[in-house]
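S.K.: Next input, structure requested:
(one chain, ligands or ions: 1)
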Amino acid sequence: MEKIKIIYNPTSGSQSNKRAIETMSNDLLNEGYILKRTATTGKDSAFNETLKASEEGFDIVIACGGDGTVNEVINALAKVNSTMKLGVFPIGTVNDFASYIEITDSPKELVELIVKGTTKKIDVGLAGEKYFVNVAAGGKLADVGHETDKNLKAIFGRLAYVAEGIKVIPDIIANDFRLKYKFDGETYEDDVYLFLVANSSSIGGFKNLAPDASISDGFLDVLIIKNPNKLVDLAQLFIQVLSGEHVKNEDVTYFQTKEVEFESASPITIDVDGEYAGELPMKIKVSDYRVNVFTNIKE
Ligand SMILES: Nc1ncnc2c1ncn2[C@@H]1O[C@H](COP(=O)(O)OP(=O)(O)OP(=O)(O)O)[C@@H](O)[C@H]1O
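M.R.: Numbers count the residues shown, from 1 in each chain. You can find the predicted model right below:
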């Protein structure tokens, strides 16, 4: 009989999401699973509850929340090299990971996957000391003016919409910096606006930002937006982002690698899956840990 721990963020989601967690719990109990349900209490709570679940011999952990909750759970799983399988129940404001692995907020669908045992092993990235499943993004965050742009992921998300992307351009232009990056034994240097290292191709709800990214290919996709110094070029670039054509733009560097090191003389912030992960210099790589997640996706 498998033991499942449900970790849910009580500040996330609507009343109907909360009822859905109730339904999922009842359905899992009816299927004969042993169940424990714990609400998170704030930062690091999902991380600590996952560590506890691992020590207590749980077989499955279900993260109910947004990408922030999933990220904490993944960090704990990777830290102890856990064999626990991961279920994701998306009730957050941003659920990029769930949408990439095609998980909806239907409790029935997730229970069905769990009962069938349909899982896939996926890559986990490591940025400095923080693990991630979607993306590590770097830029000069402190100077970005918009209150809503709490993190770089939010900026990239807004680029998915041309009108929004154009509004963000002045902030991005004001925040260019010199970036040194090293991979495959070579060092490069450019004036850049932003860069990201993607595990999945879905970032900020936008499907084509890293068009070749696969969550299970053992590689990360690096996208560097260089400084073209001309507003019109940057606007055009963002329009290309919609179709995935941007990766061919001369102001974009796009490559796949297992490991890349970044440094800059400017103070550059990195966030992973929308959470703060530290400042440059930083090495970002595919970690040795892979997580076994409930999903129907085959790629
Ligand atoms: N009980 C709690 N009270 C307040 N904050 C909490 C609580 N539990 C978790 N959190 C915070 O919620 C954040 C994770 O949110 P998550 O991504 O799961 O959902 P979200 O609704 O998308 O939230 P956000 O809009 O902040 O991304 C973490 O920063 C965590 O510290």
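
S.K.: Which residues are in contact with the residue lying closest to Lys258 once chain neighbours are set aside?
M.R.: Excluding the flanking residues, the one nearest Lys258 by C-beta to C-beta, 6 or more residues apart in numbering is Val286, at 5.0 Å. Just so you know, the C-beta spots here come from the backbone N, C-alpha and C atoms, and that holds for glycine as well. By C-beta atoms under 8 Å, 6 or more residues apart in numbering, the contact set of Val286 is Asp123, Val124, Gly125, Leu126, Gly218, Phe219, Leu220, Lys258, Glu259.

S.K.: ok, what's across the strand from the first one?
M.R.: Taking DSSP bridges, one finds Arg290 as the beta-bridge partners of Asp123.

S.K.: Of the contacts of Val286, select the buried ones using a PyMOL command.
M.R.: With 16 or more other C-beta atoms under 10 Å as the criterion, this PyMOL line picks the buried residues out of these:
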select buried, resi 123+124+125+126+219+220
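
S.K.: Turn the contacts of Val286 into JSON lines, including pLDDT and secondary structure.
M.R.: Converted to JSON lines, the contacts of Val286 look like this (pLDDT from 0 to 100; DSSP: H, G, I helix; E, B strand; the rest coil):
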{"residue": "Asp123", "pLDDT": "97", "secondary structure": "strand"}
{"residue": "Val124", "pLDDT": "98", "secondary structure": "strand"}
{"residue": "Gly125", "pLDDT": "97", "secondary structure": "strand"}
{"residue": "Leu126", "pLDDT": "98", "secondary structure": "strand"}
{"residue": "Gly218", "pLDDT": "96", "secondary structure": "coil"}
{"residue": "Phe219", "pLDDT": "97", "secondary structure": "coil"}
{"residue": "Leu220", "pLDDT": "96", "secondary structure": "strand"}
{"residue": "Lys258", "pLDDT": "98", "secondary structure": "coil"}
{"residue": "Glu259", "pLDDT": "98", "secondary structure": "strand"}
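
S.K.: now the contacts of Val286 as a markdown table including distance to Met1?
M.R.: Shown next, in a markdown table, are the contacts of Val286 (distance: C-beta to C-beta, whole Å):
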| residue | distance to Met1 |
| --- | --- |
| Asp123 | 31 |
| Val124 | 28 |
| Gly125 | 34 |
| Leu126 | 34 |
| Gly218 | 34 |
| Phe219 | 38 |
| Leu220 | 38 |
| Lys258 | 39 |
| Glu259 | 41 |
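
S.K.: What lies in contact with the lengthiest helix in the chain?
M.R.: Counting by DSSP state H, the longest helix found in the chain is helix 15-30. The contact list for helix 15-30, computed with C-beta under 8 Å, 6+ apart, reads 4, 6, 8, 35, 37, 62, 64, 89, 91, 105-108, 110-111, 114.

S.K.: So which residues lie in contact with the helix or strand containing Tyr276, not counting its own?
M.R.: Element membership of Tyr276 [criterion: DSSP states H and E] is strand 275-279. Where contact means C-beta under 8 Å, 6+ apart, the residues beyond strand 275-279 that reach it are 68, 71, 127-130, 132, 136, 151, 267-271.

S.K.: Same check on stretch 56-63?
M.R.: Outside stretch 56-63, the residues touching it (C-beta under 8 Å, 6+ apart) are 2-7, 24, 33, 36, 46, 50, 53, 69-70, 72-73, 77, 84-89, 110, 114.

S.K.: what's the span of it, first residue to last?
M.R.: Start-to-end span of stretch 56-63 (C-alpha to C-alpha, to the nearest Å) is 17 Å.

S.K.: How is the nearest residue to Gly139 once chain neighbours are set aside assigned, secondary-structure-wise?
M.R.: Nearest residue to Gly139 in three dimensions, chain neighbours excluded: Leu194, at 4.4 Å (C-beta to C-beta, 6+ apart). Using DSSP: H, G, I helix; E, B strand; the rest coil, the structure places Leu194 in strand.

S.K.: you'd agree Leu194 is up against Asp171?
M.R.: No - using C-beta atoms under 8 Å, Leu194 is not in contact with Asp171, being 10.4 Å away.

S.K.: Neighbour count: those two, which is higher?
M.R.: A side-by-side neighbour count of Leu194 and Asp171, using other C-beta atoms under 10 Å, places Leu194 first with 22 against 17.
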